[in-house]
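**Student:** make a model of this:
(chains A and B)
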Amino acid sequence: MTNVAIMFRRHRSPLLRYLRLLSSSSASPPQTSSSATAAKKKLRDERDAVKSLSLLSSISDSDSPAAAGRYAVELVVKRLAKSRNFSEIENLIESRKKEPMITQEPYVVSIITAYGYAGMIDHAIRTFDEMDKHGAPRTVLSFNALLTACNHTGNHGRVPELFSEISQKHGIVPDKISYGILIKSLCQSRSMEKVYSLLKEMEEKDVEITPVTYTTLLDTLYKDQKAADAERLWKEMESKGCSPDVAAYNVRIMYNAVHSKPESVIKLIDDMVSAGLKPDTISYNYLITCYCKNGQHEEAKKVYRSLREKGCYPNAATFRNFMYLLCKNKDFDAGREVCMEGIKKNKLPDFGPLKMLMEGLVKNSKVEEAKQLIRLVRKKFPESFLSRWKNVEERLGLEIEDELPQAEAA
DNA sequence: ATAGGGTTAG
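**Tutor:** Numbers count the residues shown, from 1 in each chain, chains lettered A, B, ... in the order given. Below you'll find the predicted structure:
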């Protein structure tokens, strides 16, 4: 338990925390640690929700249930929610309330957050209400977690009401993060008038508008095509001494990638570097997309190939989007390369784009390449995908007779 | 570390 607590404190990223848990065996007795570690590794690649759950149980049973780790639990909860298996989610999360750590607020926060991921807002609220019973202190931390769960579950309409009710009832003083969550909820409700009066109220109460809050606002304005308002807000942010960070820049890049030319995106990326910021994979994904939308696919390829030397790693969106855009440009060779690189890293493309790629390869008489890709697909994709995929192979006449090397010659 | 940016489908 202490090991887990220390790991939580030391690692900010949930993924890092989880990886740390994977590599750590000190939390469990030597005999079970290797099998538990193997189970955790399997958990990452398992796509079936119910199988994930039993993998998680096998981790938990081998030592204390708390050792399963927050990231692992959230991963499984998200999968169960996707397959609408809410009773299993309830079992899983409620069993975690029996842990001694339930008296610690951050642990309760993790439970409220998990119910938020599952879309189970009533369970999240009940967990918050039960905190006295569990002997956990109730501060702005769990207050914020509950409001966030509302935003994540489509209950943003309830946030303004809960904000005032709960803070009064429990004597919680909302902080700058609470206000950021409230603003997010108003943005989701598109209540921009209320946003502006709230910003005024924050100024009067001397509550800081953080870069995160500004980013929420910028994102909403750009998505509503109010670019002029967004630019004004950007200047206001800078004039108030609030320096935009990578996420704030990416919101601007996102808009410019769609509505402007690659030069504007390049300019923003240069601005980021001048400001001492490091553009990330999201920034470059937009640059790639922008180049492709403007017919400059060769430039896009250069960006894709130079990602690693820029210290960025392509993510699932990189592979998926670029593959799609290349295929749309009928560059099926490049599309195939990007696709295969992604699959090898377990970043699997969607059904539609993969079908488009395969059809393009066959149409261009790249049958051997198509078959090579199919072998990789069969190795990496889950059974549910492959049963659907079989039709595509058949329709394209790409049945592969076991492992005969010279299928093409015939 | 409880908030923001991608992640849709095509």
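**Student:** which stretches of the stretch 201-350 of chain A form helices?
**Tutor:** Taking DSSP state H, counting those that start in this stretch as the criterion, the stretch 201-350 of chain A carries its helices at A:211-223, A:227-239, A:246-259, A:262-274, A:281-293, A:297-306, A:316-328, A:332-344.
**Student:** would you format these as TSV with mean pLDDT and distance to residue A:88 included?
**Tutor:** To be clear about C-beta, it is placed using only N, CA and C from the backbone, and glycine gets the same treatment. Formatted as TSV, the helices of the stretch 201-350 of chain A follow (pLDDT from 0 to 100; distance: least, Cβ to Cβ, whole Å):
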stretch	mean pLDDT	distance to residue A:88
helix A:211-223	96	33
helix A:227-239	95	43
helix A:246-259	96	34
helix A:262-274	96	43
helix A:281-293	96	33
helix A:297-306	96	40
helix A:316-328	95	26
helix A:332-344	96	30
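**Student:** in the stretch 301-410 of chain A, where is pLDDT below threshold?
**Tutor:** With pLDDT under 70 as the threshold, the stretch 301-410 of chain A has low-confidence stretches at A:401-410.
**Student:** how about the residues of the stretch 151-300 of chain A near DNA strand B?
**Tutor:** Applying Cβ under 7 Å from any atom of the strand, we find that the stretch 151-300 of chain A lies next to DNA strand B at A:151, A:176-177, A:180-181, A:184, A:210-216, A:219, A:245-248, A:250-251, A:254, A:280, A:282-283, A:285.
**Student:** looking at chain A, which residue is nearest DNA strand B?
**Tutor:** Nearest residue of chain A to DNA strand B: residue A:180, at 2.5 Å (Cβ to the nearest atom of the strand).
**Student:** thought residue A:210 was touching that residue, still the case?
**Tutor:** Yes: counting by Cβ atoms under 8 Å, residue A:210 is a contact partner of residue A:180 at 6.2 Å.
**Student:** more neighbours: these two, which one.
**Tutor:** In this view residue A:180 and residue A:210 are compared by other Cβ atoms under 10 Å, and residue A:180 has more residues nearby, 26 against 15.
**Student:** which residue packs closest to the more buried one, ignoring adjacent ones?
**Tutor:** residue A:213 (4.2 Å; Cβ to Cβ, 6 or more residues apart in numbering).
**Student:** just to revisit the earlier point, among the residues of the stretch 151-300 of chain A next to DNA strand B, which ones are buried?
**Tutor:** A:151, A:177, A:180-181, A:184, A:211-216, A:219, A:245-248, A:250-251, A:254, A:280, A:282-283, A:285 (16 or more other Cβ atoms under 10 Å).
**Student:** quick one: contacts for the residue nearest to residue A:180?
**Tutor:** A:176, A:179-180, A:183 (Cβ atoms under 8 Å, 6 or more residues apart in numbering).
**Student:** got it, and residue A:354?
**Tutor:** Counting by Cβ under 8 Å, 6+ apart, residue A:354 touches A:339, A:377, A:389.
**Student:** roughly how far apart are it and residue A:320?
**Tutor:** Going from residue A:354 to residue A:320 by Cβ to Cβ, to the nearest Å gives 10 Å.
**Student:** thinking again about what came up before, which SSE is the residue of chain A closest to DNA strand B in?
**Tutor:** Take DSSP states H and E as the rule and residue A:180 turns out to sit in helix A:176-188.
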